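J.: Predicted model and sequence below, questions to follow.
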Amino acid sequence: MGAHTFFTRANGEDAKSAFSDAVEDAQYHYGQGGYTGTIAEKTSFTRIPDDEVGDTDPAEYASQLIDEQDSRIDSKWGPAGCIHVEEDTYLFFGWASA
């Protein structure tokens, strides 16, 4: 089996609730059987500090971390990355089993 990158925006009161909603939504749309290549395969996330992202576009920074094989998000079995986009919006990204 392989892996695909994913980028998912989700809203929530905090990152944890946004992540839960995003996973549930992906499981509804893509199934719960595994190997969807989506956030449905993730059970946790790693928050990327706001000051690390700075003024860079969140999606561009996420792509950069994927391209650089950043150890925090470089495993299809490990946590998703999480970047706070705006007030109640978060970007989750990384590799997922497919």
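T.: In hand now; what should we look at? Values in this document were obtained by computation on a predicted structure and should not be read as measured data. Numbering: from 1, shown residues only.

J.: use CA for all of it now, contacts and neighbours both
T.: Fine.

J.: Tyr30 and Gly37 touch, don't they?
T.: No: using Cα atoms under 8 Å, Tyr30 is not in contact with Gly37; the gap is 9.1 Å.

J.: Neighbour count for those two, which is higher?
T.: Gly37 (21 against 16; other Cα atoms under 10 Å).

J.: Which strands or helices does the longest helix anywhere in the chain pack on?
T.: Using DSSP state H, we find that the single longest helix of the chain is helix 15-30. The contact analysis (3 or more Cα pairs under 8 Å, 6 or more residues apart in numbering; DSSP states H and E) places helix 15-30 against strand 3-11, strand 89-97.

J.: of all the ones you listed, which lies closest to Asp25?
T.: strand 3-11 (9.8 Å; Cα to Cα).

J.: Quickly run through the sheet partners of that closest one, with directions.
T.: strand 89-97 (antiparallel) (DSSP bridges).

J.: report the angle between the axes of the strand it pairs with and helix 15-30?
T.: Counting by axes from the mean of the first three to the mean of the last three Cα atoms, to 10 degrees, strand 89-97 lies at 50 degrees to helix 15-30.

J.: Strand 89-97: how far from the chain's middle?
T.: 1 Å (Cα atoms, centre = their mean, to the nearest Å).
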